[in-house]
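Asks: Below are the sequence and a predicted model; questions follow.
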Amino acid sequence: GNSVTQMEGPVTLSEEAFLTINCTYTATGYPSLFWYVQYPGEGLQLLLKATKADDKGSNKGFEATYRKETTSFHLEKGSVQVSDSAVYFCALISYQGGKLIFGQGTELSVKP
Amino acid sequence: ETGVTQSPTHLIKTRGQQVTLRCSSQSGHNTVSWYQQALGQGPQFIFQYYREEENGRGNFPPRFSGLQFPNYSSELNVNALELDDSALYLCASSERGDTEAFFGQGTRLTVV
């Protein structure tokens, strides 16, 4: 079945450090891939998406590239800020539609 | 354009009771999905409604049921509450089942 695996957290970085959160997936066909962010006490916000191989999603300085050959969708940011502290979820939706399948989430803590 | 709104934001119920959670979808969206997010975990798909019909269900028992109304708002009902039902319940709406979903802020349910 379809699944998403994320690197375990928590991840603690200093402000302006480079961020990578690894995400790999297992799916039949060509799923769409997403990164969602959850701030404390809130729901999920869509951060970025990619719908086909080699697409790069980007938003607010975050980027992720859909790599079909390695079944990966790693999240990167060149310079993190304290305000980026949150839990990040990688997710997929199959080409058949229906449910989002989420990874277990990676907590990011950015220190000043 | 209003986003996805959920009510109530917090709720405390006693084991064995029944609960109804409500969700108003984003304008123009005809698909609503419900997710359960236990503490420290990724959201788990409960079910999806498309134009008032159930359009997929996750691995949840029948005591989890739902409705979608003609205006595309939705309810999640849980009967015979158990302690393990304590979680954040998230509603998400989308234009179609295979496009990105936009989430509400969630309802925090505590069963005691």
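Replies: Sure, I can see it. Residues are numbered from 1 along each chain as shown, chains lettered A, B, ... in the order given.

Asks: Next to chain A, which bits of chain B? Give me the list.
Replies: With the criterion set to C-beta under 8 Å from any C-beta of the partner chain, chain B comes near chain A through B:4, B:6, B:33, B:35, B:40-45, B:48, B:55-56, B:58, B:90, B:92, B:96-106. No exception for glycine: its C-beta is placed from N, CA and C like everyone else's.

Asks: Out of those residues, list just those in strands.
Replies: B:6, B:33, B:35, B:44, B:45, B:48, B:55, B:56, B:90, B:92, B:102, B:103 (DSSP state E).

Asks: got those as JSON lines, with pLDDT and neighbour count columns?
Replies: Formatted as JSON lines, those follow (pLDDT from 0 to 100; neighbours: other C-beta atoms under 10 Å in any protein chain shown):
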{"residue": "B:6", "pLDDT": "97", "neighbour count": "21"}
{"residue": "B:33", "pLDDT": "95", "neighbour count": "29"}
{"residue": "B:35", "pLDDT": "97", "neighbour count": "27"}
{"residue": "B:44", "pLDDT": "95", "neighbour count": "18"}
{"residue": "B:45", "pLDDT": "94", "neighbour count": "20"}
{"residue": "B:48", "pLDDT": "93", "neighbour count": "27"}
{"residue": "B:55", "pLDDT": "88", "neighbour count": "18"}
{"residue": "B:56", "pLDDT": "89", "neighbour count": "16"}
{"residue": "B:90", "pLDDT": "96", "neighbour count": "27"}
{"residue": "B:92", "pLDDT": "95", "neighbour count": "28"}
{"residue": "B:102", "pLDDT": "92", "neighbour count": "19"}
{"residue": "B:103", "pLDDT": "94", "neighbour count": "25"}
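
Asks: Lowest-scoring secondary structure element of chain B by mean pLDDT?
Replies: In chain B, no helix or strand scores lower on mean pLDDT, DSSP states H and E than strand B:53-57, which sits at a mean of 90.

Asks: packing partners for it?
Replies: When contacts are defined as 3 or more C-beta pairs under 8 Å, 6 or more residues apart in numbering or on different chains; DSSP states H and E, strand B:53-57 sits against strand B:44-50.

Asks: remind me which residues of chain A are low pLDDT?
Replies: Scanning chain A for pLDDT under 70 picks out A:95-97.

Asks: which bits of it sit near chain B?
Replies: Neighbours of chain B within chain A, by C-beta under 8 Å from any C-beta: A:4, A:32, A:34, A:36, A:42-46, A:49, A:89, A:91, A:93-105.

Asks: quick check, distance from the least confident helix or strand of chain B to the centre of its chain.
Replies: 13 Å (C-alpha atoms, centre = their mean, to the nearest Å).

Asks: Quick check on the residues of chain A next to chain B: which are buried?
Replies: Neighbour-count burial (16 or more other C-beta atoms under 10 Å in any protein chain shown) is assigned, among the residues of chain A next to chain B, to A:4, A:32, A:34, A:36, A:43-44, A:46, A:49, A:89, A:91, A:93-94, A:97-105.

Asks: In strands, which of those fall?
Replies: A:4, A:32, A:34, A:36, A:44, A:46, A:49, A:89, A:91, A:93, A:100-102.

Asks: For residue A:41, list the residues it contacts.
Replies: With contact set as C-beta atoms under 8 Å, 6 or more residues apart in numbering or on different chains, residue A:41 has no partners.

Asks: With residue B:17 instead?
Replies: By C-beta under 8 Å, 6+ apart, the residues touching residue B:17 are residue B:81.

Asks: now swap in residue B:40 and tell me
Replies: Taking C-beta under 8 Å, 6+ apart, we find residue B:40 in contact with residue A:105.
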